[in-house]
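Trainee: Pasting the sequence and the predicted coordinates here, then a few questions.
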Amino acid sequence: MRVLIISDIHANLVALETVLSAAAGQYDTIWCLGDVVGYGPKPNECIEIVRERAALCVMGNHDWAVLGKPGINVEDFNPQARQAVLWTREQLADDNREYLDALPHVPITPPEAPDIIVTHASPREPVWEYILTPTIALENFLAFNQGICLVGHTHKPAIYRWHLYESFAEGTNEHEMHHMATVDYLQPRTDCPVKLETSPSQRLIVNPGSVGQPRDNDARAAYAILDLDDMTWQYVRIPYPIELTQNQMRAAKLPKRLIDRLSFGW
């Protein structure tokens, strides 16, 4: 089975449609890692596509904030993000709000992939924590037992590889093993699939990057194809007509900074 992995769409319909068109025929199902809304101009349209086509979707922090749920204070967002959240609240249709409200806010394991967990931010703090360094990744490997954890939230593609750097005696407990391990940061490649090799001595946290608002200084939409049979990860970047999204944002009177950043991928 091949899975289209998308994350952080952020109501960017043009980017989402471009990704779906580019990936057509290359996947059997879709998993979404959260933040369907926030920042962008087409929240209802993006939710409706995810509702119809994604077999799995988890709650992102912007999805949570738009719902006004406890635990995330919109005042903690930067002014531009806060304005976008408040605008999105006014736009959402009732059925789309209900869909967001039903999304899981804890890590979940797809039934077809028992060695994978899926969450938005981190296995330790599923809605909010940013995994941006190997140190933070190392701490998070203690929060799950599966071989692979898929995350979004940072808008930056990454693979963090946990592995034991020396042999350990049989009977070593999990926390002792953790202190005998290290984590490497690997930059995903777009030129060929990466083998996601796991074992008792090697586990992975993998981030596909963002469909709708990349932050790695590359303005192209990001997504990945996960082949569950071969356990390969094909990371993809695709250009989309950014100016169309920007025009939609201007029409919605969304903040200029949010409009401008799409051109630069930050």
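Mentor: Everything's here; your move. Numbers count the residues shown, from 1 in each chain.
Trainee: contacts and neighbour counts: CA atoms only from here.
Mentor: Will do.
Trainee: continuing past the helix or strand of the chain with the lowest mean pLDDT, what's the next helix or strand?
Mentor: One helix or strand of the chain scores below all others by mean pLDDT, DSSP states H and E: helix 174-179, with a mean of 54. Per DSSP states H and E, the first helix or strand lying C-terminal to helix 174-179 is strand 181-186.
Trainee: could you point out where this protein is predicted with low confidence?
Mentor: 166-179 (pLDDT under 70).
Trainee: got the contact list for the residue most central in space within it?
Mentor: Nearest to the mean C-alpha position of the chain, counting by C-alpha atoms, centre = their mean, stands Gly152 at 2.3 Å. By C-alpha atoms under 8 Å, 6 or more residues apart in numbering, the contact list for Gly152 reads Ser7, Asp8, Leu33, Gly34, Thr119, His120, Ala121, Asn207, Pro208, Gly209, Ser210.
Trainee: wait, Met180 sits on Tyr165?
Mentor: Yes. The pair Met180 / Tyr165 is scored as a contact, 6.6 Å apart, by C-alpha atoms under 8 Å.
Trainee: Can you identify each of the helices in this protein by residue range?
Mentor: 13-23, 43-53, 61-67, 79-91, 94-101, 134-140, 174-179, 242-251, 256-261 (DSSP state H).
Trainee: want to try a markdown table for these, with distance to Pro114 as columns?
Mentor: A markdown table is the format used below for the helices of the chain (distance: least, C-alpha to C-alpha, whole Å):
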| stretch | distance to Pro114 |
| --- | --- |
| helix 13-23 | 25 |
| helix 43-53 | 22 |
| helix 61-67 | 25 |
| helix 79-91 | 34 |
| helix 94-101 | 25 |
| helix 134-140 | 19 |
| helix 174-179 | 20 |
| helix 242-251 | 37 |
| helix 256-261 | 38 |
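Trainee: Single out the most deeply packed of those.
Mentor: Mean neighbours per residue, mean count of other C-alpha atoms under 10 Å, is largest over the helices of the chain for helix 61-67, with a mean of 24.
Trainee: Give me the residues contacting that helix.
Mentor: Outside helix 61-67, the residues that touch it by C-alpha under 8 Å, 6+ apart are 34-38, 72-74, 85-86, 88-89, 97, 100-101, 120, 127-128.
Trainee: what do you get for stretch 19-28?
Mentor: Here stretch 19-28 makes contact (C-alpha under 8 Å, 6+ apart) with Met1, Arg2, Val3, Leu4, Val211, Ala221, Ala222, Tyr223, Ile225, Ile238.
Trainee: quick one: the fifth one and Leu16 touch, right?
Mentor: To tie it back to what came earlier, the one meant is Val211. Yes. Here Val211 reaches Leu16: they are 6.4 Å apart, a contact under C-alpha under 8 Å.
Trainee: what is in contact with these two at once?
Mentor: Here Val211 and Leu16 have Ile9 as joint contacts, going by C-alpha under 8 Å, 6+ apart.
Trainee: Go through the helices of the chain and name the closest to Thr190.
Mentor: Closest to Thr190 of the helices of the chain, according to C-alpha to C-alpha: helix 13-23, at 13.8 Å.
Trainee: Restrict that closest one to CA atoms and write it as PDB.
Mentor: Provided in PDB are the C-alpha atoms of helix 13-23 (Å, rounded to 0.1, in the frame of the first residue of the first chain):
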ATOM      1  CA  LEU A  13      -6.300  25.200  -1.500                       C
ATOM      2  CA  VAL A  14      -4.100  26.000  -4.600                       C
ATOM      3  CA  ALA A  15      -1.200  24.200  -3.000                       C
ATOM      4  CA  LEU A  16      -3.300  21.200  -1.900                       C
ATOM      5  CA  GLU A  17      -4.900  20.800  -5.300                       C
ATOM      6  CA  THR A  18      -1.400  21.000  -7.000                       C
ATOM      7  CA  VAL A  19      -0.100  18.300  -4.600                       C
ATOM      8  CA  LEU A  20      -3.100  16.000  -5.300                       C
ATOM      9  CA  SER A  21      -2.700  16.400  -9.000                       C
ATOM     10  CA  ALA A  22       1.000  15.800  -9.000                       C
ATOM     11  CA  ALA A  23       0.600  12.700  -6.800                       C
END
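Trainee: between that helix and helix 242-251, how many degrees?
Mentor: 150 degrees (axes from the mean of the first three to the mean of the last three C-alpha atoms, to 10 degrees).
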